[in-house]
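Q: Sequence first, predicted coordinates after that:
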Number of protein chains: 2
Amino acid sequence: MDLRRALAEVVGERHAFDDPELAAGYETDWTGRWTGRSRAVVRPADAGEVARVVRVCAEAGAAIVPQGGNTGLVGASVPRGGEVLLSLRRLERVGAFDPALGQVTVGAGATLAALQAAVSDAGLDFGARDSCTVGGLVACDAGGARALRHGTARARVAGLEAVLADGTVVARLSGLVKDNAGYDLPGLLVGSEGTLGIVTAVRWRAVPRLARRVAALVPVESPEAAAELLGVLRAHVSSLEACDFLTDDCLSLALAHQRRPAPVARRAPLYLLAECAADHDPLEELAAALGEREASVADDTASREGLWRLREGVAEAIAALGVPVKLDVGVPLAELGAFLRAVGEVCGDARPYLFGHLGDGNVHVNLLGDAPDEDGVLELVLSLGGTISAEHGVGVAKAAWLERARGAAEVAAMRAVKAALDPQGILNPGAVLPAPITAKLANGPRPA
Amino acid sequence: MDLRRALAEVVGERHAFDDPELAAGYETDWTGRWTGRSRAVVRPADAGEVARVVRVCAEAGAAIVPQGGNTGLVGASVPRGGEVLLSLRRLERVGAFDPALGQVTVGAGATLAALQAAVSDAGLDFGARDSCTVGGLVACDAGGARALRHGTARARVAGLEAVLADGTVVARLSGLVKDNAGYDLPGLLVGSEGTLGIVTAVRWRAVPRLARRVAALVPVESPEAAAELLGVLRAHVSSLEACDFLTDDCLSLALAHQRRPAPVARRAPLYLLAECAADHDPLEELAAALGEREASVADDTASREGLWRLREGVAEAIAALGVPVKLDVGVPLAELGAFLRAVGEVCGDARPYLFGHLGDGNVHVNLLGDAPDEDGVLELVLSLGGTISAEHGVGVAKAAWLERARGAAEVAAMRAVKAALDPQGILNPGAVLPAPITAKLANGPRPA
């Protein structure tokens, strides 16, 4: 029996197909940068079907690429050539929100928008595309601006359910925030980009809802001054939730694109965008911490959203000028100045536009120009003790960099863990760890 | 060359010994329940020495038991018979607190008290013995009462440094809160109780300092009413930081032991002890959420600490009556009622005293009497979907229960990870995973 037919016996004819036109919708990511042909597309309905699909593939030695909302940026969710594309979108069940625990269980295929709706009585703390799926954001340990206060996805996961490479299902969904009986397999799966197991459901911890919000855009003269201000905010503004930054270049682009006047009179090389959230109005404590500094303080929703639109509109303003190369890196705060000063020298024949999340060192580098040198930027990041991936993941895009980034000892340990949990190497080969072992796998072209 | 001498070449004669009198101080835990003879005690000064010690042991096939403050409760930090006892207490360096990041790097041997002093300008969120070490609390993923708001140790670790079983050092200490380049090895080591690697340093994230605190002791008629009240508090009191519970039996014991009058007029089967912390006085929002409920509300430091002394004094009051068997378990909140009603039936010829952390399901069971049936309690916990260990760890005490608790699939995955990272099985054999492979190891008696 051929593989597609074996898969169809698990999920039904409608949900296992190799028709090129039907498959095409799963084979290219939303940026258009990553694309590849699948051997078949399979759309299981629940964890039990995912497990059976994995067993069928394992028996056939067929590699699997798991896919959620396909909004990733590092090529981890589209085929590299001949893998089975396993879409989790049908696992979209959203459970009831438990107010006593502040938790809800959602299927891996549920969108962030659906999760948001489910916890609307509490708070959510995530910035990502509404159409991204919970499984995907957990698989790449997404972060966003509010990770400063709430941590990344890993910190919000109270448990999960996953299918391992041998088709067994492991589940920790009872909502026990304290459960240290044995190794933290859920935590290991978070951020492993579908290479150690396929996340099928997530137990999500909401954060308290904080209705009173204030934001401020503050011009600062240097990254060092920015770090100092962040220290002041941390010490004196307990309601601090986010502290993003953007360069003057980025602000100018966004202002021009949105045809708006600058919200601050004084222009500076950098701007911080801080947001505080509390039950009580945090305006007073924020204003006290800012002291004599010039700042555009927004304490109503419209003007606060206006400030965020500037920061978040930078990407769109850049896109209006051309197709940028986007790099998601992290630089230790103490080295941010060195990074900002040197990046223009190493990024080839391109202009760098830089913004990011100051509190966690996450810099989003956008290179616009004819001959951007991604490698030059990554080299600089590593020379400063930074990370080649902060929140987008390694995927296929940066797999070749992993060993230089993490060192031989760590990558050897990662390879050992991968081999332990997926000895055939069928789960998302080529993502995260380089040198895929697809050669051993029975990937195949789609039947003509 | 014998092993002790080889170790002494790494750490110096003073810090590698097998004299029974000197060794004795490391061979019994503080409860006196767990004890065993070591082959030698070795006290390295830094991560480099730890790595060399591990290489010497690996070459000799000698098993290692890592030890921090030795305040654990599950026998994970004392020898089982003939292992090398590796004390981390000399790794007590405490770095400077970084105000911009809200982080500090501390050696594994630094005490919680030292960590607390280092972050005194920010907040710490941990309840554990002052003499416990940071490495130990990370190795068992300690939690405490404030995990409701801040998560367990894992959520507070921004990175760590560890020595793996092959003597390589892996380090992530640059403080990047967002760093998803590859698998989360630090997170995997947290809670692995020294069986996958030896933590040598920790990058700790402080929480914001919140100066205004209010606590309330609230009588409730049932676990179901307690859960309902917790839901109300979560929805309306964003400053909620802890929500412990104790039974009337426990309250009575503590009151008698401390010779204090009851702080509430009405006695009930259960009491919640909630604490809120904020910049602004949280009294009003707590009072509004409690509504007409009878409660003892403490909004000054002395009376607040008085309420906590009742809750925290329960253990001492029990100890005054005899030596209890202590079990640290977790029960899903929805099953807490079933657990409390049934535990007296299954705990043998003993009386159960119960208190714990309502928000995370963590129940501390103390059995007082001649023939306590630990197994009966653990069986009940598992039948209700709970966990055999919430925050104390599995250690040696509960290793035999792990497979029943986690299921064959998860334990098979854990064994695979253990074999991948420690193929010789030299790191803390017998802890967490049962059936130690010490048979293969060259453990030996101490020379006479």
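A: Ah, there it is.
Q: where's residue A:258 relative to residue A:69, distance?
A: Separation of residue A:258 from residue A:69 (Cβ to Cβ, to the nearest Å): 27 Å. C-betas here are computed from N, CA, C, even on glycine.
Q: Can you give me every residue that contacts residue A:198?
A: Residue A:198 makes contact with A:50, A:54, A:64, A:66, A:86, A:88, A:108, A:162, A:163, A:427, according to Cβ atoms under 8 Å, 6 or more residues apart in numbering or on different chains.
Q: still on that earlier bit, so for residue A:258 and residue A:69, which residue has more residues nearby?
A: residue A:69 (24 against 13; other Cβ atoms under 10 Å in any protein chain shown).
Q: Before we move on, what's the pLDDT of the more buried one?
A: With respect to pLDDT, residue A:69 has a value of 93.
Q: Now do the SS call for it.
A: On the three-state scheme (DSSP: H, G, I helix; E, B strand; the rest coil), residue A:69 is labelled coil.
Q: quick one, phi/psi of it?
A: phi -80, psi -10 (degrees, to the nearest 10).
Q: still on that earlier bit, for the contacts of residue A:198, pick the one with the most neighbours.
A: Most neighbours among the contacts of residue A:198, by other Cβ under 10 Å: residue A:162, with 31 neighbours.
Q: Any idea what residue A:297 is bridged to?
A: Counting by DSSP bridges, residue A:297 is bridged to residue A:216.
Q: Report the contact partners of it.
A: Contacts of residue A:297 (Cβ under 8 Å, 6+ apart): A:214, A:215, A:216, A:283, A:286, A:287, A:290.
Q: quick check, nearest of the residues you listed to chain B?
A: Chain B has its nearest neighbour among these in residue A:286, at 11.1 Å by Cβ to the nearest Cβ.
Q: Could you check the pLDDT of the closest one?
A: For residue A:286, the predicted pLDDT is 97.
Q: Number of residues surrounding it?
A: 24.
Q: Am I right that it is in a helix?
A: Yes: assessed with three-state DSSP, residue A:286 lies in a helix.
Q: so how far is residue B:55 from it?
A: In terms of Cβ to Cβ, residue A:286 sits 52 Å off from residue B:55.
Q: Also residue A:173?
A: Distance from residue A:173 to residue B:55, by Cβ to Cβ: 41 Å.
Q: ok, now residue A:222?
A: Taken as Cβ to Cβ, the span from residue A:222 to residue B:55 is 45 Å.
Q: beta partners of residue A:355?
A: Bridge pairing for residue A:355 - DSSP bridges - gives residue A:246, residue A:364.
Q: which residues of the stretch 301-448 of chain A score low on pLDDT?
A: A:435-448 (pLDDT under 70).
Q: Might you enumerate the residues of it proximal to chain B?
A: The stretch 301-448 of chain A has residues A:330, A:332-333, A:357, A:359-362, A:385-394, A:398, A:402, A:405-407, A:409-414, A:416-421, A:432-433 near chain B, with proximity defined as Cβ under 8 Å from any Cβ of the partner chain.
Q: The residue nearest the centre of chain A: helix or strand, and which one exactly?
A: Centroid check for chain A by Cα atoms, centre = their mean gives residue A:142 as the closest residue, at 3.1 Å. Element membership of residue A:142 [criterion: DSSP states H and E] is none; it lies in no helix or strand.
Q: and what of residue A:200?
A: Going by DSSP H and E, residue A:200 is in strand A:198-205.
Q: contacting residues for residue A:346?
A: A:373, A:376, A:377, A:379, A:380.
Q: Kindly report the same for residue A:26.
A: Contacts of residue A:26 by Cβ under 8 Å, 6+ apart are A:38, A:41, A:67, A:70, A:78, A:85, A:87.
Q: Following the chain onward from the helix or strand harbouring it, which element is next?
A: Here residue A:26 is covered by helix A:20-27, with elements defined by DSSP H and E. Note on helix A:20-27: by DSSP H and E, the next helix or strand toward the C-terminus is strand A:38-42.
Q: who does that following strand touch, helix- and strand-wise?
A: Applying 3 or more Cβ pairs under 8 Å, 6 or more residues apart in numbering or on different chains; DSSP states H and E, one finds that strand A:38-42 contacts helix A:3-11, strand A:16-17, helix A:20-27, strand A:83-87.
Q: how about 6 Å then?
A: helix A:3-11, helix A:20-27, strand A:83-87 (3 or more Cβ pairs under 6 Å, 6 or more residues apart in numbering or on different chains; DSSP states H and E).
Q: highest average neighbour count across the ones you listed?
A: Sort the helices and strands packed on strand A:38-42 by mean neighbour count, taking mean count of other Cβ atoms under 10 Å in any protein chain shown, and strand A:83-87 sits at the top with a mean of 26.
Q: so what strands line up beside that strand?
A: By DSSP bridges, strand A:83-87 pairs with strand A:38-42 (parallel), strand A:64-67 (parallel).
Q: excluding its backbone neighbours, what's nearest residue A:170?
A: Leaving aside its chain neighbours, residue A:170 sits nearest to residue B:410 (4.8 Å; criterion: Cβ to Cβ, 6 or more residues apart in numbering or on different chains).
Q: pretty sure that neighbour is touching residue A:169, no?
A: No: contact status for residue B:410 versus residue A:169: not in contact, 9.6 Å apart, counting by Cβ atoms under 6 Å.
Q: of these two, who's got more company?
A: A side-by-side neighbour count of residue B:410 and residue A:169, using other Cβ under 10 Å, places residue B:410 first with 23 against 19.
Q: low-confidence ranges in the stretch 51-200 of chain A?
A: In the stretch 51-200 of chain A, residues with pLDDT under 70: A:122-129.
Q: Chain B contacts on that one?
A: Contact residues, the stretch 51-200 of chain A versus chain B (Cβ under 6 Å from any Cβ of the partner chain): A:99-102, A:141, A:143, A:147, A:152, A:155, A:168, A:170, A:174, A:176-185, A:187-188, A:191-192.
Q: Narrow those residues to those in strands?
A: Those of those mapping onto strands are residue A:170, per DSSP state E.
Q: tell me the helices in the stretch 101-250 of chain A, going along the chain?
A: Applying DSSP state H, counting those that start in this stretch to the stretch 101-250 of chain A gives helices spanning A:112-118, A:134-139, A:147-150, A:153-156, A:185-189, A:223-236, A:248-258.
Q: which one of those is the most hemmed in?
A: Ranked by mean neighbour count, the helices of the stretch 101-250 of chain A are led by helix A:134-139 with a mean of 30 (mean count of other Cβ under 10 Å).
Q: Could you export it as CSV, CA atoms only?
A: Presented in CSV, the C-alpha positions along helix A:134-139 are these (Å, rounded to 0.1, in the frame of the first residue of the first chain):
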residue,chain,number,x,y,z
VAL,A,134,-0.6,28.0,19.5
GLY,A,135,1.4,24.9,18.5
GLY,A,136,3.6,27.0,16.3
LEU,A,137,4.2,29.7,18.8
VAL,A,138,5.1,27.1,21.4
ALA,A,139,7.3,25.2,19.0
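Q: tell me which strands and helices it is in contact with?
A: Packing contacts for helix A:134-139, counted by 3+ Cβ pairs under 6 Å, 6+ apart, involve strand A:198-205.
Q: Tell me the gap between the strand it packs on and the middle of its chain.
A: Mean C-alpha position of strand A:198-205 versus that of the full chain (Cα atoms, centre = their mean, to the nearest Å) differs by 15 Å.
Q: and the helix holding residue A:26 with strand A:38-42, angle?
A: Using axes from the mean of the first three to the mean of the last three Cα atoms, to 10 degrees, the direction of helix A:20-27 lies 90 degrees away from that of strand A:38-42.
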